[in-house]
Structure formats: structure tokens, C-alpha cells
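In: Here is a sequence together with a model predicted from it:
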Amino acid sequence: MLFAAGLINLLPSLLVFLPDRISKSYGVEVPNASYELLLRHRAVLFGIIGGLMIASAISRKNYTVATVTGLVSMVSFIVLYFWIGKDISSQLKRVMTIDVLATVLLLVGLLGFLLGARSTR
């Protein structure tokens with residue numbers, strides 16, 4: 001579950017190298033270099049989070065830290081989506097829906113991890 005959620009986080013990091021796809025991916029205009037910088041840096045942060053999650057899924061080291069990091073990232077986007085609530089592009093609604101699904105994956109995976117850790121004691 002953590003690996004799958006990590007892949008979901010890693011995919012947007014490709015926008016670092018594909019800045020011309022940012023507008024289509026998020027349904028927003030990138031009016032100048034400052035916005036491009038912010039959005040490409042956001043992509044780098046997704047790469048860090050996704051990489052941490054995938055590495056932790058494989059090694060089992062820092063599993064809880066990686067899961068909580070992923071949850072904070074995704075849940076904060078979901079909360080902000082509903083808090084702002086108006087004039088949000090359909091592409092960002094899709095991102096929010098994917099984050100909801102990935103959040104469920106992370107919660108199920110974390111529960112399984114914690115229950116498994118408890119049963120091996």
C-alpha cells in the first residue's frame with residue numbers, strides 16, 4: 001500500500017522536467033516564471049515524499065514516518081481543496097480524488113503494518 005501511494009506521489013514529480021505539461025495537469029495557467037518556479041518546486045517535493053514512501057515500503061525502515069508524511073501531504077491538499085471550495089479546476093478535483101484514494105491506501109497499509117508489528121512481539 002505504501003509503495004502504491006508512493007508511486008502516486010512520485011508521478012507529479014515528472015513535471016519538474018515537463019513544465020509545458022503543468023497547465024494541462026492542474027488546469028491552471030502559469031502566467032510567469034515565478035509561478036513556474038513554485039509549481040516545479042512543488043513537483044520536487046512530491047518526488048521527495050514519493051521517494052521516501054517507496055524506499056520505506058521496500059526497506060521497512062521509517063515506515064511510519066513515511067506514511068505519516070504522505071498522509072500529511074495528501075490530507076492537507078484535501079482539506080485545502082474543500083476549505084477554498086470555489087473556482088477550482090476539474091483537473092484539481094481529479095487530484096483531490098486521487099489523494100482521497102491514496103489516503104485510504106495509506107491508512108489501510110498503516111493499520112496492517114501496526115497490527116503486524118504488534119503480532120510479532
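Out: Alright, I've got the coordinates.
In: And stretch 75-90, how far out from the chain middle?
Out: Centre-to-centre, stretch 75-90 and its host chain are 14 Å apart (Cα atoms, centre = their mean, to the nearest Å).
In: and His41, how far is that from Ile48?
Out: 11 Å (Cβ to Cβ, to the nearest Å). Backbone N, C-alpha and C define where each C-beta goes, glycine included.
In: Need the contact partners of stretch 17-34.
Out: 12, 14-15, 36, 39-40, 89-92, 95 (Cβ atoms under 8 Å, 6 or more residues apart in numbering).
In: now, which of those residues lie within helices?
Out: Among these, the members falling in helices (DSSP state H) are 36, 39-40, 90-92, 95.
In: that older thread, show me which of the contacts of stretch 17-34 are buried.
Out: Buried by 16 or more other Cβ atoms under 10 Å: 12, 15, 39-40, 92, 95, out of these.
In: Include distance to Ile58 and pLDDT when you put these into TSV, please.
Out: TSV is the format used below for the buried ones among the contacts of stretch 17-34 (distance: Cβ to Cβ, whole Å; pLDDT from 0 to 100):
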residue	distance to Ile58	pLDDT
Pro12	21	92
Leu15	24	94
Leu39	29	94
Arg40	27	95
Leu92	31	92
Val95	26	92
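In: Stretch 57-64 - what's its average pLDDT?
Out: Summarised as a single mean, pLDDT over stretch 57-64 is 92.
In: residues in contact with Ile78?
Out: So Ile78 contacts 96, 99-100, 103 (Cβ under 8 Å, 6+ apart).
In: List only those of those residues flagged as buried.
Out: Buried, going by 16+ other Cβ under 10 Å: 96, 99, 103, out of these.
In: His41 and Ile48: who's more crowded?
Out: Between His41 and Ile48, counted using other Cβ atoms under 10 Å, Ile48 has the larger neighbour count: 14 against 11.
In: Helix or strand: which one has the closest residue to Leu52 other than its chain neighbours?
Out: Closest residue in space to Leu52, ignoring its immediate chain neighbours: Ala66 at 4.9 Å, by Cβ to Cβ, 6 or more residues apart in numbering. Assigned by DSSP states H and E, Ala66 belongs to helix 63-84.
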